[in-house]
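Participant: got a predicted model here, sequence first, then my questions.
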Amino acid sequence: MRSSSRIVLIAVVAAAMIAAAPAAALAANAFGLTYKGEATCLVVGCHSTVNHATAHDDFAKDVQANPASLVPSSGVANAWPSPGFGMTGLRANPANIWLQLGSSTGILEYIGLKTSTLPALSGTTVWPTLNPADDAPLFDGLGYDQASGAWEAEGPVSAVSYFQRCAGCHHLGVTRPGSTLTTLGSGLAQIGPSTPTSMSGLSIQCEVCHGTGKTGTHMGTGEGVVAWPASGEARILSSEVCGQCHVSGTAKEVNITGGTFSNPNGYTPDKTLADYLNVRATVPTPGQFVRGNSTYYFFPNGSTYRARHVYYNEWKLSGHSRKLTDSSSHVLAAAGGNALCLKCHSGEGFLARLGASVVPAGFQATISGSPGAWTSNAKYSQECAICHTSHDTANGLSVRAGATCDVCHNWQYEVLGTTVRPGDTIRHPQREMFTGRGLFDVANGSAFMPGASCVDCHMPATYSEVANPGPTQVRKSHRMLPMLPGDAKDWGVREGGDSCTPCHGGSTRDELQASIEGWQDDIHELDAAANAALRAARSRPATRVAAWNDLVKRAYSNITFVENDASFGVHNYPYAKAGLQKAIFFAKSVGARLTLTPRRMSLKVIGLTGRLTYGDGTSASGQTISIYRALPGRGFVRIATVVTSSSGTYSVAIAPYTGARYYAKWAPRSTAISSVIVR
């Protein structure tokens, strides 16, 4: 047996392409683009079920061609508003409606017949003069909410030039004049005062996203080639394809009135969107720009309010847009790439991960194969088309099956079933933190906010065009940052437009903000203490002993778990706090000393006293010490347990046993796999 001055450590570490029918020769439009139209694509035997009746394809209806499609029906008495009905000014006559815009469940807006064909109005009311004259009037302020059966009372019903203002994103191949002669970004065509107002088809058709079908027999073989799938680059995945319309910005050209278009002219998906459009950036304060009679807001965190079509702006500011580029140094540096990381850090890898059940065959042709192929082909981060599918006829732009937040925002060891190792850097453990599991030597907790989802907080409904929006009049922010209640109050966000009040309506924004700041202050303070304790522990010679070094590793992993969750308590305050407290305990325990001194108190009693001191020199209070008796050839028997005092001391009185030796044992881990024994 070793002498009483030696410490013994006992450690156990658990550880195919179908050709379409030939199309007749088509003339190029004013921007030099030739469209075949969706009828060429949506034929029996080809793509007959792909885009029909989707939110994109069903957005515009020709009421003159099909009067029965008008909602509300022109025959319903008093269904259409008149002055004094919350709206003043020009009254729209259902008989003069040309187009009805909107999805089958959302807000509908109305376009009138071209001014030259409109009948005279009675009294002193006259149709406004449109510029250019060959445009069509959009009845501004005239919107019908199908969910509530009510008209939006935004203000005067007036008529503005529809093609100059909106049509570029609502139809196929729209052209319209500009105030000065300008060469478009493609360099193939020009816009000027003589450019005619025209379109190549109603609604958002196939060629808007896939490129024109001017040549060959398949989409993407004319202008705007998207190289899908033959060339190995799935350009259709680029968020710029969606961003040509789902964006707030101004075109490079000047329109006929001297202002700017809100969408790009002549853009095709093979081009760079920035060559055609100035995308609005974030702003230091709310309320940064005015258009017409409306003020539009970008909040300083990049979320938006009273601004339509801003998903691309918000996405550009989010980490999703930089997943591949920001991570390239450690994800792509290794030969052959890192297949595990690319499953979330590249759009192609993520789709390959989802598999054939939810990813079209054309995508699979470009991204399937070995992990090395993913590395060589990966060009996109988490783009719009990675999470959303535009071909869903039931749910519009629905989330792709399996593309939920926690598929990526989790500790990959849990998902893949890989062995967890103390000392690992724990990355993006949001799912585990939220549900309270995964920290080393911390009992599993529970959800801190049961019933809440990621999108409830990270995609708040910050948008509204009306004072009291209904469910069809909101837009979920794609900035992916919570709208904190304190910021919401300072920036004038409407009630319910922040991340907290929709679920915590009984608390004020000040109270909710105080709770968040209180949690985060505590966790930041504990995090600083844990890192300081870890640095000190690593400087001690005891770390050369495997059992002590194991505690160092566990402390490090718990710290990175909390830090890389990045909410600093908001996702799960009790669990984050417990993880850091355990890290501090482990770090300061490294190199601890335990003493044991016997003292005969009488013929029948022996007193055992001792002290436990942490490796950082502080007294170890409240720690359980186990006392063992050992007889030659008969092994150890635990005969007592005692808890250390505030000064780290302990004492116990026992009956003497002839020939016995006594030992104290302390287990700094809850599973008692690391111990200190003193004779």
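Facilitator: Structure received.
Participant: per-residue confidence at the residue lying farthest from the centre of the chain?
Facilitator: Within the chain, the residue lying farthest from the chain centre (C-alpha atoms, centre = their mean) is Leu603, at 73.5 Å. Among the per-residue scores, Leu603 shows a pLDDT of 80.
Participant: where are the low-confidence patches of the stretch 251-400 of the chain?
Facilitator: Applying pLDDT under 70 to the stretch 251-400 of the chain flags residues 282-297, 305-308, 326-339, 355-377, 392-397.
Participant: could you give the number of residues near Gly187?
Facilitator: By other C-beta atoms under 10 Å, 10 other residues sit near Gly187. Placement of C-beta: from N, CA and C, glycine included.
Participant: just Gly451 next, same as before
Facilitator: For Gly451, the neighbour count with other C-beta under 10 Å is 7.
Participant: the closest residue to it other than its chain neighbours: what's it in contact with?
Facilitator: Residue nearest to Gly451 in three dimensions, not counting chain neighbours: Cys503, with 8.0 Å by C-beta to C-beta, 6 or more residues apart in numbering. Going by C-beta atoms under 8 Å, 6 or more residues apart in numbering, Cys503 touches Met449, Gly451, Ala452, Asp456.
Participant: tell me the first helix or strand C-terminal of the helix or strand containing Val241.
Facilitator: Here Val241 sits within helix 239-243, counting by DSSP states H and E. Remark: after helix 239-243, the chain's next helix or strand is strand 249-251, criterion DSSP H and E.
Participant: CA atoms of stretch 561-575 as PDB?
Facilitator: The C-alpha atoms that make up stretch 561-575 are tabulated as PDB, following Å, rounded to 0.1, in the frame of the first residue of the first chain:
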ATOM      1  CA  PHE A 561     -22.100  24.100 -25.900                       C
ATOM      2  CA  VAL A 562     -23.500  27.300 -24.300                       C
ATOM      3  CA  GLU A 563     -21.500  29.800 -26.300                       C
ATOM      4  CA  ASN A 564     -22.400  28.200 -29.700                       C
ATOM      5  CA  ASP A 565     -26.000  27.900 -28.900                       C
ATOM      6  CA  ALA A 566     -25.600  31.700 -29.000                       C
ATOM      7  CA  SER A 567     -28.900  32.600 -27.200                       C
ATOM      8  CA  PHE A 568     -27.100  33.000 -23.800                       C
ATOM      9  CA  GLY A 569     -30.000  31.800 -21.800                       C
ATOM     10  CA  VAL A 570     -33.000  32.600 -23.900                       C
ATOM     11  CA  HIS A 571     -33.300  29.200 -25.500                       C
ATOM     12  CA  ASN A 572     -33.100  27.500 -22.000                       C
ATOM     13  CA  TYR A 573     -31.900  29.600 -19.100                       C
ATOM     14  CA  PRO A 574     -31.900  26.900 -16.400                       C
ATOM     15  CA  TYR A 575     -30.100  24.400 -18.600                       C
END
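Participant: now that stretch, how far from the centre of its chain.
Facilitator: Centre-to-centre, stretch 561-575 and its host chain are 18 Å apart (C-alpha atoms, centre = their mean, to the nearest Å).
Participant: likewise stretch 258-276?
Facilitator: 26 Å.
Participant: determine how far the last residue of it lies from the first.
Facilitator: With C-alpha to C-alpha, to the nearest Å applied, stretch 258-276 spans 17 Å between its terminal residues.
Participant: now it: buried residues?
Facilitator: By 16 or more other C-beta atoms under 10 Å, the buried positions in stretch 258-276 come out as 260-271, 273, 276.
Participant: let me know the next secondary structure element after the helix or strand hosting Leu580.
Facilitator: Using DSSP H and E, the element containing Leu580 is helix 573-589. Downstream of helix 573-589, the next assigned helix or strand under DSSP H and E is strand 593-594.
Participant: max-length helix in the protein?
Facilitator: The residue-count maximum for a helix in the chain (DSSP state H) belongs to helix 509-538.
Participant: and the helix or strand that it is followed by with helix 573-589, angle?
Facilitator: Moving toward the C-terminus from helix 509-538, the next helix or strand (DSSP H and E) is helix 546-565. Interaxial angle, helix 546-565 versus helix 573-589 (axes from the mean of the first three to the mean of the last three C-alpha atoms, to 10 degrees): 150 degrees.
Participant: returning to what we had before: what about the helix holding Leu580, average pLDDT?
Facilitator: Here helix 573-589 scores 97 as its mean pLDDT.
Participant: so of the buried residues of stretch 258-276, which ones are in helices?
Facilitator: Under the assignment DSSP H, the buried residues of stretch 258-276 contribute nothing to helices.
Participant: how about those residues in TSV, adding distance to Lys252?
Facilitator: TSV is the format used below for these (distance: C-beta to C-beta, whole Å):
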residue	distance to Lys252
Thr260	8
Phe261	9
Ser262	12
Asn263	11
Pro264	8
Asn265	9
Gly266	10
Tyr267	10
Thr268	15
Pro269	18
Asp270	18
Lys271	12
Leu273	11
Tyr276	6
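Participant: out of those residues, the closest to Ser346 would be?
Facilitator: Ser346 lies nearest to Pro269 out of the buried residues of stretch 258-276, by C-beta to C-beta, at 19.4 Å.
Participant: quick check, that closest one in contact with Cys206.
Facilitator: No: using C-beta atoms under 8 Å as the test, Pro269 is too far from Cys206 to be in contact (11.3 Å).
Participant: who touches both of these two?
Facilitator: Counting by C-beta under 8 Å, 6+ apart, Pro269 and Cys206 have no contacts in common.
Participant: ok so, going back, show me what the longest helix of the chain is packed against.
Facilitator: When contacts are defined as 3 or more C-beta pairs under 8 Å, 6 or more residues apart in numbering; DSSP states H and E, helix 509-538 packs onto helix 485-491, helix 546-565, helix 573-589.
Participant: distance between the ends of stretch 535-544?
Facilitator: Terminal residues of stretch 535-544 lie 15 Å apart, using C-alpha to C-alpha.
Participant: just stretch 171-183 next, same as before
Facilitator: End-to-end distance for stretch 171-183: 22 Å, by C-alpha to C-alpha.
Participant: which parts of it are buried?
Facilitator: His171, Leu172, Gly173, Val174, Thr175, Arg176, Pro177, Gly178, Ser179, Thr182.
Participant: what separation do you get for the first one and Leu99?
Facilitator: Between His171 and Leu99 the distance is 9 Å, computed by C-beta to C-beta, to the nearest Å.
Participant: residues shared between the contacts of the two?
Facilitator: Ala60, Leu202.
Participant: Val637 is in contact with Arg629, correct?
Facilitator: Yes: the criterion here is C-beta under 8 Å, and Arg629 meets it with Val637 at 5.2 Å.
Participant: between those two, which one's more packed in?
Facilitator: More crowded of Arg629 and Val637, by other C-beta under 10 Å: Arg629, with 19 against 12.
Participant: can I assume that one sits in a strand?
Facilitator: Yes: under DSSP: H, G, I helix; E, B strand; the rest coil, Arg629 sits within a strand.
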